[in-house]
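Trainee: model this:
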Amino acid sequence: MILKISELLNSFLYIKIFNIPFIIIWVIATGVFCTVQFKFTNFRLFKHGIQTLFNLKCNHNNNGIITHIQAFATVISGTVGLGTISGVAIAVTIGGPSAIFWMIITGILGMSIKFAEVVLAFNYRSENTTGGAFYYMKYGLAKIGFIKTGKFLAFTYAIMLLIAMILGGIPFQANQMAALSNNLFEYNASVIILLLVLVIILGGIKRIAFVSTGLAPIMIVLYIGMCIYLIYVNGSNLSNALSTIFQDIFNKSAIGGGVLSGLIAGVRRSVFANEAGIGTAAIAHSAVKENDPIKVGSVAMIAPLVDTILISFLTGIVIIITGMHSTDNVGDITLVNSAFATALPLFSKSVLPLIMFSFAFSTIIAYCYYCEVALLYLFGNKKVLVLFQVLIVVSVYISCMSKNIEFISYLGDSLFMCLMIPNAVAIYLLRREVLNTIDSYYSSKRY
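Mentor: So this is what the prediction gives:
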């Protein structure tokens, strides 16, 4: 059944227009539209987002449950998962080194999309500070006269979100955790993974935010530090690695094949890695103790910079600078581990697995929370959560036992990009509200 779902999705998403799949054009066009339409907020409000993120004096009188930094950590935990690391290995081995370049471009454009969706979600969050794309689809579109369209898009999006997480996002992370444990210890950690996930998802957003805030900064700093060290050790090959990326973009022998394959692989993995445009970040940021949507949106758009432009880029350089990109097989987390083993054997056997497990585990936690919010929106009560938790357990176990990483990766990419279709339509229809919010903020000279 899952195979048929994948085939059906691919037959629709990858209809070619000028030899480029429809969904790739859709993703890029959405990013360009949001960047231009919303006056390059990804550049103009970037500094403001950084200042807001690290302003620890949160106004507790504002409605909300968590702080800016807790929301950011929750989102980063969902995006800086193994999609940002092993996903790069998959993109490079399938699409070539140029996939890294296209991931970065898509990440920059994605900052504007994430800004817009979070601003809208914050504007339409409920009284208990629950929010997400389905709320601005339903209530935002009703406000401008598209009542039926809004309800349809919100319902469709919520269903698609559940499917994307249960069949795409969570299985990918669990599969790569199991692959890493099998590779290093010859032991499948599926039972341990199941128990850890169940313990956390029963705790709600406060526990998720607490765990994410503790894990995210540590694992990110450690991983970035090790990447920089490995690049330093192989410093003499850095210029060659960078030239390899750019030469692959315009490789004449790859025109129509390799060039497009790099574009497609890069865009696919970028959407999966940073989730810009799929609306998930809007769920976490809606719970922030804040009353200014621009501040919330400015903080949210920093995430693609961290997970795609920084971490994915460093991972790609590590893979290329160590020569691991030339493998004939589809890469995964074990390829990244092998790259680190060339200069940091002890790190690759001890510290790196802990970081990878933290990445994957925290991502699964965030995905579970997103699903919980979608279920509450659809059914209005928590009774259905038991069924959802059972589905998560089954999904994690099956994916841990699977060896078909290419299929799991492709299915996850496709399901995530499907979410961009209703979300982009809603952002386009509500563009005037986002613009008015931006203009009001600029005119007040608060940035």
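Trainee: what's the burial count for residue 229?
Mentor: A count of nearby residues for residue 229, using other C-beta atoms under 10 Å, gives 14. (Each C-beta comes from the backbone N, C-alpha and C, glycine too.)
Trainee: Surely it is in contact with residue 351?
Mentor: No - in this structure, residue 229 is not within contact of residue 351 by C-beta atoms under 8 Å, at 11.5 Å.
Trainee: which residues do these two both contact?
Mentor: Common contacts of residue 229 and residue 351, defined by C-beta atoms under 8 Å, 6 or more residues apart in numbering, are absent altogether.
Trainee: Checking residue 284 next. Helix, strand or coil?
Mentor: helix (DSSP: H, G, I helix; E, B strand; the rest coil).
Trainee: Return the distance of the closest residue to it other than its chain neighbours relative to residue 363.
Mentor: Computed as C-beta to C-beta, 6 or more residues apart in numbering, the closest residue to residue 284 that is not its neighbour in sequence is residue 74, at 4.4 Å. For residue 74, the distance to residue 363 equals 11 Å [C-beta to C-beta, to the nearest Å].
Trainee: in stretch 381-394, what counts as buried?
Mentor: 385, 388-389, 391-392 (16 or more other C-beta atoms under 10 Å).
Trainee: Apologies, that question was intended for stretch 33-52.
Mentor: The neighbour-count check on stretch 33-52 (16+ other C-beta under 10 Å) flags 33-35, 37-38, 41-42, 45-46, 48-49, 52 as buried.
Trainee: what does it contact?
Mentor: By C-beta under 8 Å, 6+ apart, the residues outside stretch 33-52 that reach it are 68, 108-109, 111-113, 115-116, 294-295, 297-302, 305, 427-428, 431, 434-435, 438, 447.
Trainee: swap in stretch 429-437?
Mentor: With contact meaning C-beta under 8 Å, 6+ apart, stretch 429-437 is reached by 37-38, 116, 119-120, 123, 136, 140-141, 144, 146, 149, 293-294, 427.
Trainee: and it, what's its mean pLDDT?
Mentor: Averaging pLDDT along stretch 429-437 gives 93.
Trainee: If you count neighbours, what's buried in it?
Mentor: 429-431, 433-434, 437.
Trainee: Any chance of a markdown table for those residues, columns distance to residue 344 and secondary structure?
Mentor: Converted to a markdown table, these look like this (distance: C-beta to C-beta, whole Å; DSSP: H, G, I helix; E, B strand; the rest coil):
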| residue | distance to residue 344 | secondary structure |
| --- | --- | --- |
| 429 | 50 | helix |
| 430 | 48 | coil |
| 431 | 47 | helix |
| 433 | 49 | helix |
| 434 | 45 | helix |
| 437 | 46 | helix |
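Trainee: Could you export the residues you listed as a markdown table, including distance to residue 413?
Mentor: What follows is these, written out as a markdown table (distance: C-beta to C-beta, whole Å):
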| residue | distance to residue 413 |
| --- | --- |
| 429 | 26 |
| 430 | 26 |
| 431 | 27 |
| 433 | 30 |
| 434 | 27 |
| 437 | 32 |
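Trainee: quick revisit: by neighbour count, sort out the buried ones in the contacts of stretch 429-437.
Mentor: Buried, going by 16+ other C-beta under 10 Å: 37-38, 116, 119-120, 123, 136, 140-141, 146, 149, 293-294, 427, out of the contacts of stretch 429-437.
Trainee: from those residues, which two are the most distant?
Mentor: The distance between the two most remote of these (C-beta to C-beta) is 26.6 Å, for 149 and 294.
Trainee: The chain: strands as residue ranges?
Mentor: 16-17, 20-21 (DSSP state E).
Trainee: Tell me which strands the first one pairs with, and in which orientation.
Mentor: Within its sheet, and counting by DSSP bridges, strand 16-17 is paired with strand 20-21 (antiparallel).
Trainee: contact partners of the strand it pairs with?
Mentor: With contact meaning C-beta under 8 Å, 6+ apart, strand 20-21 is reached by 13-15, 260, 263-264.
Trainee: rerun that using 10 Å as the cut-off
Mentor: 10, 13-15, 27-28, 260, 263-264, 267-268, 417 (C-beta atoms under 10 Å, 6 or more residues apart in numbering).
Trainee: Buried ones among those?
Mentor: For those, buried by 16+ other C-beta under 10 Å: 13, 27-28, 260, 263-264, 267-268, 417.
Trainee: avg pLDDT for stretch 270-288?
Mentor: Mean pLDDT, stretch 270-288: 80.
Trainee: From the opening residue of it to its closing one, how far?
Mentor: 26 Å (C-alpha to C-alpha, to the nearest Å).
Trainee: starting at the chain centroid, how far to that stretch?
Mentor: 7 Å (C-alpha atoms, centre = their mean, to the nearest Å).
Trainee: Just the buried residues of that stretch, please?
Mentor: 270-288.
Trainee: ok, the closest residue to residue 424 other than its chain neighbours - how many residues close by?
Mentor: Nearest non-adjacent residue to residue 424, counting by C-beta to C-beta, 6+ apart: residue 30, 4.4 Å away. Counted by other C-beta under 10 Å, the residues lying close to residue 30 total 24.
Trainee: I figured residue 30 hits residue 422, correct?
Mentor: No - using C-beta atoms under 10 Å, residue 30 is not in contact with residue 422; the gap is 11.7 Å.
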